[in-house]
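Chemist: What shape does this take:
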Amino acid sequence: MSEHVHLPSPTFNTSSAGHFHPYNTLGLATQSAMVGLGAGVVAAAARNSLATGPRNILTTFSKSGGVVTIFTGASIAYVFTYCSAANLRERKDGWNHMWAGAATGAVLGARTKLVPAFIGWTVLCGAACGLFGWTGARFNADRKASLEQSPKGFVQEDAHQTFWEVVHRRPLSLTVEQLGEGRGINAVPIATATEAPN
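Modeler: Presented below is the predicted three-dimensional model:
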């Protein structure tokens, strides 16, 4: 029992794998502006259609123009800040998502015209996006898809470990050695213990 086994724990990977390829910041920000503008127009049109009073295409922009501005500004702020942070640091990690989320929160908080709300939106969005980037920047847990997107094809398992993934399992013999038998821990695996002898 004197020998301790060190099992790896999830770490915040701050180094980029391989050579860093810089982002085209202005090109990507322009593309995100178009996407944000389109989403903002759709949201403003939906808001206009649910409003009371006279409705036409001009009231979409006259009454709900702020929605279009917020959608466009938030998308530009996120992509521009993410690409700028990645290019300046020459790394692709969770810190870039955190800075981009903080910039987006600043755009969202500026609309309220209150300093506490501005700070709250900045901190909340920065923390949420930073956590998202830290845990792998994926909504799904499809490991095969992330390995296929790797530039070198399939790589070692440890290279793509995220916070939520368990890489190594403790062998049963080590558990029995450290804790001893009893309390539901059996030295004989369950599959062989339940088999009837011939």
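Chemist: Rounded mean pLDDT for the host helix or strand of residue 33, please.
Modeler: Using DSSP states H and E, residue 33 sits in helix 25-50. Helix 25-50 carries an average pLDDT of 93.
Chemist: Give me the packing partners of it, helices and strands only.
Modeler: helix 57-89 (3 or more Cβ pairs under 8 Å, 6 or more residues apart in numbering; DSSP states H and E). No exception for glycine: its C-beta is placed from N, CA and C like everyone else's.
Chemist: Show me what the helix it packs on is packed against.
Modeler: By 3+ Cβ pairs under 8 Å, 6+ apart, helix 57-89 packs against helix 25-50, helix 94-110.
Chemist: Wait, a strand at residue 52?
Modeler: No - secondary structure of residue 52 (DSSP: H, G, I helix; E, B strand; the rest coil): coil, not part of a strand.
Chemist: ok, now how distant is it from residue 63?
Modeler: 11 Å (Cβ to Cβ, to the nearest Å).
Chemist: same question, residue 85
Modeler: 36 Å.
Chemist: Between those two, tell me which one has more neighbours.
Modeler: Legend: neighbour count by other Cβ atoms under 10 Å for residue 85 and residue 63, higher for residue 85 (21 against 15).
Chemist: That one and residue 45: what is the separation?
Modeler: Remark: distance between residue 85 and residue 45 (Cβ to Cβ) = 33 Å.
Chemist: got it, and residue 61?
Modeler: To residue 45, residue 61 is 10 Å away according to Cβ to Cβ.
Chemist: Check residue 127 too.
Modeler: From residue 127 over to residue 45 the distance is 32 Å, taken as Cβ to Cβ.
Chemist: same question, residue 81
Modeler: Distance from residue 81 to residue 45, by Cβ to Cβ: 28 Å.
Chemist: For this structure, which residues score under the pLDDT cut-off?
Modeler: By pLDDT under 70, the weakly predicted segments of the chain are 1-18, 139-170, 172, 175, 180, 182-198.
Chemist: if we go to 50?
Modeler: Scanning the chain for pLDDT under 50 picks out 1, 16, 146-148, 150, 152-159.
Chemist: Show the contacting residues for residue 113.
Modeler: For residue 113, no residue meets the contact criterion (Cβ atoms under 8 Å, 6 or more residues apart in numbering).
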